[in-house]
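In: I'd like to go over a predicted model; first the sequence, then the structure.
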Amino acid sequence: MTSLTGSAETYRTLFETMDEGFCIIEFFDGPHGPLSDYIHVEANPAYERHAGIPNVVGQKLREMVPDEADGWVELYGGVLHTGKPIRFQRELEKTGHYLDVSSFRVGPFENRQVAVLFKDITDRIRAERALRDLNETLEARVAQALAEREEVETALRQAQKMEAVGQLTGGLAHDFNNLLAGISGAFEMIGVRLAQGRAGDVEKYLAAGQGATRRAAALTHRLLAFSRRQTLSPKSTVINRLLGDFSELVRRTVGPQIEVQTVAASGLWPTLVDANQLENALLNLCINARDAMPHGGKITIETANRWLDDRTARDHGLTAGQYVTVCTSDTGAGIDKAILDRVFDPFFTTKPIGQGTGLGLSMVYGFARQSNGHVRIYSEPGEGTMVCIYLPRHRGEEEDDVAPTGEAMVAADAGEIVLVIDDEPSVRMLVADSLGDLGYHCLEAGDGPTGLRILESKTRVDLLVTDVGLPGGLNGRQVADAARALRPDLKILFVTGYAENAVLNHGHIEHGMEVLTKPFAVDELRRRVATLLQAE
């Protein structure tokens with residue numbers, strides 16, 4: 001008897017003090033059918049804490065939770081009938097508690113009793129749901145963050161391009177005034193000499209005017225390359241080919257108090273690079289160098305071939321292999337080592353407020369990384385600064401943009417017809433007359449709809465030469481697309497005042513199409529026309 005009493009006390013102590021909720025339920029027959037309800041015959045104090053229902057002993061299931069009763073009867077009824085324990089998680093909807101439940105039968109089936117052991121896991125379930133919701137929205141939020149970052153980076157790139165343009169404005173205005181004076185003066189002197197009957201001097205003034213025009217065109221193209229919002233295509237390039245014209249641009253930008261020197265390595269390898277973006281990056285470096293030498297100094301632009309082994313490549317953040325480097329160095333004040341690691345950070349600048357955005361070096365870094373290269377900076381206070389752009393060697397051939405000589409020009413085949421669409425009469429006249437001298441027959445139109453009507457007719461047209469920006473509701477690209485739908489093999493030469501990249505499908509032109517930028521040389525126009533018409 002004493003042993004039984006002790007066991008009962010032990011059981012009761014455990015029953016009263018255990019942390020998990022515990023109860024024994026007993027099934028009975030009810031209005032809903034045999035064994036369709038149960039009553040709580042025992043429950044420990046923890047039951048209320050975990051389930052949220054007080055004084056449960058003596059309460060019937062269908063009176064406690066009528067809307068949920070069928071589900072609980074099905075679960076515990078299965079335990080009663082099979083004698084197999086179960087474990088599951090379920091929400092007690094009446095109280096909003098999520099329960100982790102274990103259940104087993106007490107004694108034989110005839111007793112109709114089932115024991116239930118459970119604990120409240122509401123906090124854990126809510127945390128898991130919150131994490132799941134977080135994960136489900138994470139992809140969308142990451143995509144949004146990346147889109148916002150791209151928008152900011154685009155704005156930063158444009159801001160830096162415009163800052164570079166601003167640095168150029170003063171020098172360019174001076175140069176353009178000189179060039180325009182040379183062009184207008186040449187025309188005036190040609191008129192004077194023709195009126196005087198002194199035709200022998202005309203050639204001299206023609207040469208002077210043409211030279212000034214070419215220099216003005218070069219300046220215009222370079223300015224547009226810096227300011228327009230577009231992604232330019234990389235090409236296989238030997239950087240040494242750029243240094244001549246670029247060094248002149250730098251000299252005009254930095255002023256006469258700065259000496260500009262170029263050191264071009266012999267046998268320089270080609271690299272796959274966007275020449276305009278490279279020049280933009282180098283110009284920013286040269287502007288920084290100029291600002292570091294307010295009392296004058298020297299800028300050196302140097303190219304070299306470099307072969308990086310595994311260790312050196314790791315130190316440079318690159319993969320081992322062959323690289324082309326282009327470095328700018330100055331004799332300025334240098335940069336303190338304490339801030340050297342921060343110079344590529346966006347908006348970081350050592351310049352006074354209002355004299356720099358802190359975007360220049362970060363843009364150079366971004367350009368180098370987008371070109372599968374890197375950029376390194378070396379500096380000592382009082383000794384100057386060197387910035388080197390590393391670009392991978394390109395194994396392909398350099399893409400040569402040099403036009404063939406006049407002797408290589410092939411005359412037009414008999415009967416070849418060119419349709420010229422341009423809203424500027426002087427340009428139409430220039431194109432038609434220059435091609436007519438080679439034997440082509442030219443048709444002319446002043447706007448897109450007029451040109452398209454010719455293309456829709458049965459008139460033979462072998463080549464379409466069209467300005468991109470046209471009046472009349474149809475631009476040059478739209479005319480070309482409509483023409484290709486009617487005449488799939490039609491060759492097309494776009495002529496534009498600047499690279500209208502968006503209109504030209506962001507540079508994605510099709511086979512049999514080329515782009516010629518105004519102002520252009522007559523020989524270049526003739527070469528492009530001949531090349532297109534002779535191509536298969």
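Out: Cool, the structure landed. Residues are numbered from 1 along each chain as shown.

In: got a list of what the closest residue to residue 264 other than its chain neighbours touches?
Out: Leaving aside its chain neighbours, residue 264 sits nearest to residue 240 (4.3 Å; criterion: Cβ to Cβ, 6 or more residues apart in numbering). The C-beta positions use only the backbone N, C-alpha and C, and glycine is treated the same way. By Cβ atoms under 8 Å, 6 or more residues apart in numbering, the contact set of residue 240 is 264, 265, 268, 303.

In: okay, which residue is most central for this protein?
Out: For the chain, the residue nearest the mean C-alpha position is residue 150 (6.1 Å; Cα atoms, centre = their mean).

In: Pull up the gap between that one and residue 366, please.
Out: From residue 150 over to residue 366 the distance is 12 Å, taken as Cβ to Cβ, to the nearest Å.

In: for residue 130, same thing?
Out: 37 Å.

In: Counting neighbours around each, name which of those two comes out higher.
Out: When neighbours are counted by other Cβ atoms under 10 Å, residue 130 and residue 366 differ, and residue 366 comes out ahead with 20 against 10.

In: buried ones in stretch 268-275?
Out: 268, 269, 270, 271, 272, 273, 274, 275 (16 or more other Cβ atoms under 10 Å).

In: should've said stretch 457-476
Out: Neighbour count says stretch 457-476 has 461-468, 470, 472, 474-476 buried, by 16+ other Cβ under 10 Å.

In: thinking again about what came up before, would you turn the buried residues of stretch 268-275 into CSV with distance to residue 10, pLDDT and secondary structure?
Out: As requested, the buried residues of stretch 268-275 are exported to CSV (distance: Cβ to Cβ, whole Å; pLDDT from 0 to 100; DSSP: H, G, I helix; E, B strand; the rest coil):
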residue, distance to residue 10, pLDDT, secondary structure
268, 92, 93, coil
269, 88, 93, coil
270, 89, 93, coil
271, 85, 92, strand
272, 83, 88, strand
273, 84, 87, strand
274, 84, 82, coil
275, 89, 84, helix
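
In: Name the nearest of those residues relative to residue 316.
Out: Closest approach to residue 316 among those (Cβ to Cβ): residue 271, at 15.6 Å.

In: Any stretches of the stretch 401-536 of the chain with poor pLDDT?
Out: Along the stretch 401-536 of the chain, segments meeting pLDDT under 70 span 401-414, 497-509, 536.

In: where exactly do the strands run in it?
Out: 417-421, 441-445, 463-467, 491-496, 513-517 (DSSP state E, counting those that start in this stretch).

In: of the ones you listed, which approaches residue 292 most closely?
Out: strand 513-517 (35.1 Å).

In: Centre of the chain to that closest one, how far?
Out: Chain-centre distance of strand 513-517: 25 Å, with Cα atoms, centre = their mean, to the nearest Å.

In: And that strand, what's buried?
Out: Those would be 513, 515, 516, 517, for strand 513-517 by 16+ other Cβ under 10 Å.

In: Mind listing the residues bridging to the last one?
Out: Following DSSP bridges, residue 517 is listed with bridge partners residue 496.

In: ok, it touching residue 468?
Out: No. Using Cβ atoms under 8 Å, residue 517 is not in contact with residue 468, being 9.9 Å away.

In: How is the protein partitioned into domains?
Out: What automatic domain parsing lists as the domains of the chain is 2-120, 147-214, 235-392, 406-534.

In: which stretch among those domains comes nearest residue 138?
Out: domain 147-214 (14.8 Å).

In: Quick one: mean pLDDT over that closest one.
Out: For domain 147-214, mean pLDDT rounds to 74.
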